[in-house]
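Visitor: dropping the sequence and predicted coords here.
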Number of protein chains: 2
Amino acid sequence: MKVSIILGHPHEGSFNHAIAQRSKQTLLENGYEVFYHDLYHDNFNPVILHEEIPEDGTVDPVIRKHCHEISESDGIIIVHPNWWGQPPAILKGWIDRVMRPGVAYKFEEGDKGEGIPIGLLKAKAALVFNTSNTFEERELQVFGDPLERIWRDCVFGLCGVKTFYRKTYRVIVTSTFEERSEWLKDASDIVSQYFPLISVDER
Amino acid sequence: MKVSIILGHPHEGSFNHAIAQRSKQTLLENGYEVFYHDLYHDNFNPVILHEEIPEDGTVDPVIRKHCHEISESDGIIIVHPNWWGQPPAILKGWIDRVMRPGVAYKFEEGDKGEGIPIGLLKAKAALVFNTSNTFEERELQVFGDPLERIWRDCVFGLCGVKTFYRKTYRVIVTSTFEERSEWLKDASDIVSQYFPLISVDER
């Protein structure tokens, strides 16, 4: 069983990195194979070109590898800070480039692109871990928390991933070491809940 | 009076380009100075680095120029396709990099970043023109149209731009030449409504 972890944060010492690393560790302990991508570390190019957009377009080898991995994944974990109610650009570009037609979704025959796409991802569950410096009440009242619909409906719902769970850890900027330690344990527990221990026979 | 137009679409022959060009033409006819940025044409780098994030961080000259222009703008027009309920990555990165602390917003003294920021943009109005291949009913019911809250509340509301209007032209992929011509006229009318003719004396 394989799980992709996609991390979008510019600082190696960030709490986002800690969440992604802890998630990886938990998955490995539970017997999963992990595709781990720190997009900043990989120097991922998020800018899709016009020629790359069509299903039969020109796709470079880095993106092909990402597409292969996401198609193979039984689960997906996304980790990023809430920046302007959206992921950082580097992660938005991972969606733009990797969630391709023919990989993540397809249209019915004869559909020019205006119809309802069919999700192609085989992943059973997607988890999204976010960090924020905005209190929950303000996030919901003032901003409406667009990240929830973005990941749940616009991305994973469309691509056929039925089980979705998202957790935001906040407020990071004023958090204590003890809080962050508890949050990491919480993230690990969530990962184990959705991707439980696989017996050696089933691996 | 100055207006910024920020365009994020990878194809020069796109309807997004036509909207941006028509908006520019209307603004010039109405007596405005226009800062026009086709981000793909400019080869804009959307990936913000860790060192660039703090208010006193390292900011390259291209971003400084963008920051100066957006601070100077009396109005802002954004043009992009709806990709996954979000802007294309190149435009998301324009937000990440240009909407900086000290330029687009600031925190009260003593605030570590967890408080309520104060908008700094002097622009009176922001318009967002989007294109989509999803019917409006499905967009609202299935996806919840996150772009509305993203631009209205998360970006322009936070940065102090009080007047906001957004229009989505759809369905592009099956549209006729006549429809697109009407849509361009509609966009031009909207631009003139929010940025009306300035008499020569006032310029």
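Guide: Okay, I see it.
Visitor: may I have stretch A:14-30 as PDB, with CA atoms only?
Guide: Extracted as PDB, the C-alpha positions of stretch A:14-30 are listed here (Å, rounded to 0.1, in the frame of the first residue of the first chain):
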ATOM      1  CA  SER A  14       8.900  24.800   9.700                       C
ATOM      2  CA  PHE A  15       6.100  23.100  11.700                       C
ATOM      3  CA  ASN A  16       4.700  22.000   8.300                       C
ATOM      4  CA  HIS A  17       7.900  20.100   7.700                       C
ATOM      5  CA  ALA A  18       7.600  18.500  11.200                       C
ATOM      6  CA  ILE A  19       4.000  17.400  10.300                       C
ATOM      7  CA  ALA A  20       5.000  15.900   7.000                       C
ATOM      8  CA  GLN A  21       8.000  14.100   8.500                       C
ATOM      9  CA  ARG A  22       5.900  12.700  11.400                       C
ATOM     10  CA  SER A  23       3.300  11.600   8.900                       C
ATOM     11  CA  LYS A  24       5.900   9.800   6.900                       C
ATOM     12  CA  GLN A  25       7.400   8.100  10.000                       C
ATOM     13  CA  THR A  26       3.900   6.900  11.100                       C
ATOM     14  CA  LEU A  27       3.100   5.600   7.600                       C
ATOM     15  CA  LEU A  28       6.400   3.700   7.500                       C
ATOM     16  CA  GLU A  29       5.800   2.200  11.000                       C
ATOM     17  CA  ASN A  30       2.400   1.100   9.800                       C
END
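Visitor: how about it: buried residues?
Guide: Neighbour counts over stretch A:14-30 (16 or more other CB atoms under 10 Å in any protein chain shown) mark A:14-24, A:26-27 as buried. (C-beta placed from N, C-alpha, C; glycine too.)
Visitor: centre of the chain to it, how far?
Guide: Mean C-alpha position of stretch A:14-30 versus that of the full chain (CA atoms, centre = their mean, to the nearest Å) differs by 13 Å.
Visitor: and the contacts of it?
Guide: Stretch A:14-30 is contacted by residues A:3, A:5, A:7-9, A:11, A:34, A:36, A:38, A:77, A:79-81, A:127, A:129, A:131, A:169, A:172, A:175, A:180, A:183-184, A:187-188, A:191-192, A:195-198 when judged by CB atoms under 8 Å, 6 or more residues apart in numbering or on different chains.
Visitor: which among these count as buried?
Guide: The neighbour count (16+ other CB under 10 Å) marks A:3, A:5, A:7-9, A:34, A:36, A:38, A:77, A:79-81, A:127, A:129, A:131, A:169, A:172, A:175, A:180, A:183-184, A:187-188, A:191, A:195 as buried among the contacts of stretch A:14-30.
Visitor: excluding chain neighbours, give the residue nearest to A:Arg22 in space.
Guide: Of all residues beyond its chain neighbours, the one nearest A:Arg22 is A:Leu184 (4.9 Å), with distances taken as CB to CB, 6 or more residues apart in numbering or on different chains.
Visitor: now swap in A:Pro10 and tell me
Guide: Beyond its immediate neighbours in the sequence, the residue positioned closest to A:Pro10 (CB to CB, 6+ apart) is B:His50, lying 4.2 Å away.
Visitor: looking at the contacts of stretch A:14-30, which are in strands?
Guide: Among the contacts of stretch A:14-30, the ones falling in strands (DSSP state E) are A:3, A:5, A:7, A:34, A:36, A:38, A:77, A:79-81, A:127, A:129, A:131, A:169.
Visitor: is it true that A:Lys112 touches B:Thr174?
Guide: Yes: contact criterion CB atoms under 8 Å: A:Lys112 and B:Thr174 qualify, at 5.9 Å.
Visitor: give the contact list for the residue nearest in space to the middle of chain A.
Guide: Central residue of chain A (CA atoms, centre = their mean): A:Ile78, 2.5 Å from the mean position. By CB under 8 Å, 6+ apart, the contact set of A:Ile78 is A:Ile6, A:Gly8, A:Pro87, A:Leu91, A:Ala126, A:Leu127, A:Val128, A:Phe129, A:Trp151.
Visitor: what's the answer for A:Ile150, then?
Guide: The contact partners of A:Ile150, by CB under 8 Å, 6+ apart, come to A:Gln86, A:Pro87, B:Trp84, B:Gly85, B:Gln86, B:Pro146.
Visitor: now neighbour count and pLDDT too, for those residues, in JSON lines please.
Guide: What follows is those, written out as JSON lines (neighbours: other CB atoms under 10 Å in any protein chain shown; pLDDT from 0 to 100):
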{"residue": "A:Gln86", "neighbour count": "25", "pLDDT": "98"}
{"residue": "A:Pro87", "neighbour count": "33", "pLDDT": "98"}
{"residue": "B:Trp84", "neighbour count": "21", "pLDDT": "98"}
{"residue": "B:Gly85", "neighbour count": "26", "pLDDT": "98"}
{"residue": "B:Gln86", "neighbour count": "25", "pLDDT": "98"}
{"residue": "B:Pro146", "neighbour count": "26", "pLDDT": "98"}
